[in-house]
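Enquirer: this is a predicted model, with the sequence first.
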2 protein chains.
Amino acid sequence: MVKAKKFILDKSFAGAPKEDNFKLVEEQLGELKKGEILVEAIWISVDPYIRPYSNHVPAGTTVMGSQIAKVISSNNENFAEGQLVFCSTGWKTHSIINPSLLEKDIMPRFYALPNFGNLSSSLGLGVLGMPGNTALFGFLNICDPKPGETVVISAAAGAVGSHVGQIAKDLGCYVIGFAGSDDKVKWLKETLKFDAAFNYKTKDVTAALLEAAPQGVDCYFDNVGGEFSSAVIYRMNNSGRVSVCGSISSYNANTKELPKVPMLQPAIVFKQLKIEGFIVSRWGDKWMSGIERNLNLIKEGKLIYPEHITAGFENLPQAFMGMLKGENIGKALVKV
Amino acid sequence: MVKAKKFILDKSFAGAPKEDNFKLVEEQLGELKKGEILVEAIWISVDPYIRPYSNHVPAGTTVMGSQIAKVISSNNENFAEGQLVFCSTGWKTHSIINPSLLEKDIMPRFYALPNFGNLSSSLGLGVLGMPGNTALFGFLNICDPKPGETVVISAAAGAVGSHVGQIAKDLGCYVIGFAGSDDKVKWLKETLKFDAAFNYKTKDVTAALLEAAPQGVDCYFDNVGGEFSSAVIYRMNNSGRVSVCGSISSYNANTKELPKVPMLQPAIVFKQLKIEGFIVSRWGDKWMSGIERNLNLIKEGKLIYPEHITAGFENLPQAFMGMLKGENIGKALVKV
């Protein structure tokens, strides 16, 4: 009998998440029934999507999220003790799972972690997991980038944005990233070899694009939405493609009073733009092949994938709030 | 030697077009060179696109637009006197054209009018011309509508919107139109058999959609943009498709100060919407087959295509301004 620690949503979010939204509680787990396994979290992920997807979650619910965990007790012949798994059981130290029930979801919510060789299992939450597949599938399938095209990425120093930029560079695109600090901008240019990068907090977006891309923008990988995205979209070329991955700029807004921005339709129609949003689960049937492709990119030395690790289960709220404020370069996660 | 009458843009548009933007002048046409034909306008089209596309046209230029004209003199063996042609020579009573030069444009700007049988040649400016192809190609190729899906159309009583709605009804879609007067709404419901129609000037869009489409919207054919379109887009279902044909609500706005509307990215990403703008010239290579398909729809009794005809070349500005104000049901044009 194991006592799990978990964070519940004590009060629903209103605006930016605050400490008092979260409450650390204990939960007594029962005996394993047939087919069940008991897992212990090693790494827990903090991702932007948790903020908007929690809008309609009742107070008292365990905070949502994915983890890499180790099987510590098994009543299922397919899972031995010591096996590492990816699971989406939320911010909990220990969870009881019946894999045969969970496997049927559209979005892969549970699987035995593939063999990453010498690489850290934590990558299963980042470059070799959901963010990595988001970057790979969401950029290539929706932006359909061609060598020589100009690609703009917002939140470019995050887990997804930095990955997209490196795929684009590898394809032979001209890559421009926007991020929220001078350190990130330096990293994008010097380490990731982006062709240009700007701090959107200190540089006007339109001016930056007129300077770095007088030829116009062909592909835009959008993590933020809002005024920023309207400005990029009005610098796009005919037949430009926008992949809308996220809308971070509105995640803390009241959904009944969304921020107002310049209307997009004149650009959309006169430049014949295509703007498409996606949730990565739509490529759920290709999940493992995506992980394999990204693993190959790492082996070929084509991907740099920093992790921003916070130590300690009890620091999950701080890690999450810090990630939403943009404190991380690369993937934000917690070492339990 | 013929003296042509023509309207020039005497002052560039600022806001809604006014009488003093236009000036009627005369032009002495020269002798026909080899390969040239002289045509006389019979019907001249007034279309919404003329407003935004004239933004960067210098004062003194002939107002743009298409016409159905008759060859009255020919120095080209392929065109006999009496032949009817479609041409885009602007608001002019007479024009000299060298067809072999014009034919090379991407957008069909000149062609011998196909045989419409007993139907009026004026249809070559509407249901059997650019607006008809806009409705057919722009709706089917971008919205990709399926039987049983819910389709919303803005500016639904115009030449394009009314055509789209009838194609959608024929496919077995549930069709909801928005227009700017109670007469138009009555016409959409009673004559075109739309499943629902509303006057957007007197009925809140969101309330109308909650009432007529509690099941949500799958396809939106957008002629107007702006606040109206944001409201429709926030009522769309997962994997909804938006075909952006026009942005009439912003055509009179200063392009440096576009109206602000609620940002669309949260809907785009969480509902995985696809929003695509188009200019009908992209289907230029299928132009004549589009006209043929629409002609067949007419022969099968599946298309009602009213014309709103203003008599007299000198009334072109009034016809154009009236169309922009929504005075027409169906295609607005001028009988010279």
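Expert: Cool, the structure landed. Keep in mind the model is a prediction, meaning the values are calculated, not measured.

Enquirer: the helix or strand containing residue A:164 vs chain B: in contact?
Expert: Assigned by DSSP states H and E, residue A:164 belongs to helix A:159-171. No - shown here: helix A:159-171 not in contact with chain B (Cβ under 8 Å from any Cβ of the partner chain), separated by at least 12.4 Å. (Each C-beta comes from the backbone N, C-alpha and C, glycine too.)

Enquirer: what packs against that helix?
Expert: Helices and strands touching helix A:159-171, by 3 or more Cβ pairs under 8 Å, 6 or more residues apart in numbering or on different chains; DSSP states H and E, are helix A:130-143, strand A:150-153, strand A:174-179, strand A:217-222, helix A:287-299.

Enquirer: flag every buried residue along that helix.
Expert: A:159-169, A:171 (16 or more other Cβ atoms under 10 Å in any protein chain shown).

Enquirer: same deal with stretch A:275-288?
Expert: For stretch A:275-288, by 16+ other Cβ under 10 Å, it's A:275-283, A:287.

Enquirer: and what of stretch A:228-247?
Expert: Buried, per 16+ other Cβ under 10 Å, within stretch A:228-247: A:228-237, A:240-247.

Enquirer: quick one: the lowest-mean-pLDDT helix or strand in chain A to chain centroid distance?
Expert: Of the helices and strands making up chain A, the lowest-confidence element is helix A:99-102, at a mean of 81, by mean pLDDT, DSSP states H and E. Mean-position distance between helix A:99-102 and its chain equals 24 Å (Cα atoms, centre = their mean, to the nearest Å).

Enquirer: next one: stretch A:88-97
Expert: That offset, for stretch A:88-97, works out to 19 Å (Cα atoms, centre = their mean).

Enquirer: same check, this time on stretch A:164-181
Expert: Remark: stretch A:164-181 is offset 16 Å from the chain centroid, using Cα atoms, centre = their mean.

Enquirer: ditto for stretch A:256-268
Expert: 24 Å.

Enquirer: ok, that stretch near chain B or not?
Expert: Yes - if you take Cβ under 8 Å from any Cβ as the test, stretch A:256-268 does meet chain B, through A:258-268.

Enquirer: dump that stretch to CSV, restricted to CA.
Expert: The C-alpha coordinates for stretch A:256-268 follow below in CSV (Å, rounded to 0.1, in the frame of the first residue of the first chain):
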residue,chain,number,x,y,z
LYS,A,256,-15.4,35.6,-22.8
GLU,A,257,-13.2,38.7,-23.4
LEU,A,258,-10.4,37.7,-25.7
PRO,A,259,-7.9,40.3,-26.7
LYS,A,260,-8.7,42.3,-29.8
VAL,A,261,-6.3,42.4,-32.7
PRO,A,262,-6.2,43.8,-36.2
MET,A,263,-8.5,41.6,-38.4
LEU,A,264,-6.8,39.1,-40.5
GLN,A,265,-9.2,38.6,-43.4
PRO,A,266,-7.7,41.2,-45.8
ALA,A,267,-4.3,39.5,-45.6
ILE,A,268,-5.9,36.0,-45.8
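
Enquirer: flag every buried residue along it.
Expert: A:258-259, A:261-268.

Enquirer: go on, stretch A:97-115?
Expert: A:97-99, A:108-111, A:113.

Enquirer: of the residues of stretch A:256-268 next to chain B, closest to residue B:187?
Expert: residue A:265 (25.7 Å; Cβ to Cβ).

Enquirer: that closest one touches residue B:247, doesn't it?
Expert: Yes - between residue A:265 and residue B:247 there is a contact under Cβ atoms under 8 Å: 3.8 Å.

Enquirer: near chain B, which residues of the stretch 51-200 of chain A?
Expert: Going by Cβ under 8 Å from any Cβ, the residues of the stretch 51-200 of chain A near chain B are residue A:52.

Enquirer: give the residue spans of the stretch 51-200 of chain A that score low on pLDDT.
Expert: Scanning the stretch 51-200 of chain A for pLDDT under 70 picks out A:103-106.

Enquirer: find the closest residue to chain B in it.
Expert: residue A:52 (7.2 Å; Cβ to the nearest Cβ).

Enquirer: OK, contacts around that residue?
Expert: By Cβ atoms under 8 Å, 6 or more residues apart in numbering or on different chains, the contact set of residue A:52 is A:247, A:251, B:266, B:270.

Enquirer: give me the domain ranges for chain A.
Expert: With domains defined by automatic domain parsing, chain A comprises A:3-125+A:306-335, A:130-281.

Enquirer: please identify the helix or strand for residue A:68.
Expert: Per DSSP H and E: strand A:67-74 holds residue A:68.

Enquirer: how about residue A:275?
Expert: strand A:274-277.

Enquirer: any residues touching that strand, and which ones?
Expert: Under Cβ under 8 Å, 6+ apart, the answer for strand A:274-277 is A:142, A:233, A:239-245, A:264, A:268, B:265, B:267-277.

Enquirer: those residues in strands, which ones?
Expert: Of the positions in the contacts of strand A:274-277, A:239-244, B:274-277 sit in strands, assigned by DSSP state E.

Enquirer: residue contacts, the spatially most central residue of chain A?
Expert: By Cα atoms, centre = their mean, chain A has its centre lying nearest to residue A:131, at 4.2 Å. Residue A:131 is in contact with A:47, A:125, A:159-160, A:163, A:331, counting by Cβ under 8 Å, 6+ apart.

Enquirer: got it, and residue A:112?
Expert: Shown in contact with residue A:112 (Cβ under 8 Å, 6+ apart): A:79, A:83-85.

Enquirer: tabulate those residues (a markdown table), appending neighbour count and secondary structure.
Expert: As requested, these are arranged in a markdown table below (neighbours: other Cβ atoms under 10 Å in any protein chain shown; DSSP: H, G, I helix; E, B strand; the rest coil):
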| residue | neighbour count | secondary structure |
| --- | --- | --- |
| A:79 | 19 | coil |
| A:83 | 17 | coil |
| A:84 | 18 | strand |
| A:85 | 21 | strand |
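
Enquirer: adding distance to residue B:176, write the residues you listed out as CSV.
Expert: As requested, the contacts of residue A:112 are exported to CSV (distance: Cβ to Cβ, whole Å):
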residue, distance to residue B:176
A:79, 51
A:83, 53
A:84, 52
A:85, 47
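
Enquirer: ok, which pair from those residues is furthest apart?
Expert: A:79 and A:84 (10.3 Å).

Enquirer: which neighbours do those two share?
Expert: Common contact partners of residue A:79 and residue A:84 (Cβ under 8 Å, 6+ apart): A:71, A:112.

Enquirer: rewinding a little: which residues do residue A:265 and residue B:247 both contact?
Expert: B:222, B:224-226.

Enquirer: hmm, residue A:32 is touching residue A:71, no?
Expert: No - taking contacts as Cβ under 8 Å, residue A:32 lies outside contact range of residue A:71: 10.8 Å.

Enquirer: higher neighbour count, these two?
Expert: residue A:71 (20 against 16; other Cβ atoms under 10 Å in any protein chain shown).

Enquirer: how about that one: what's its closest non-neighbour residue?
Expert: Of all residues not flanking residue A:71 in the chain, residue A:83 sits nearest, at 4.5 Å (Cβ to Cβ, 6 or more residues apart in numbering or on different chains).

Enquirer: kindly report the same for residue A:108.
Expert: Nearest one to residue A:108, counting by Cβ to Cβ, 6+ apart, is residue A:287 at 4.7 Å.

Enquirer: so who does that neighbour touch?
Expert: Neighbours of residue A:287 in contact, by Cβ under 8 Å, 6+ apart: A:108, A:111, A:133.

Enquirer: so what pLDDT did it get?
Expert: Residue A:287 is assigned 95 on the pLDDT scale.
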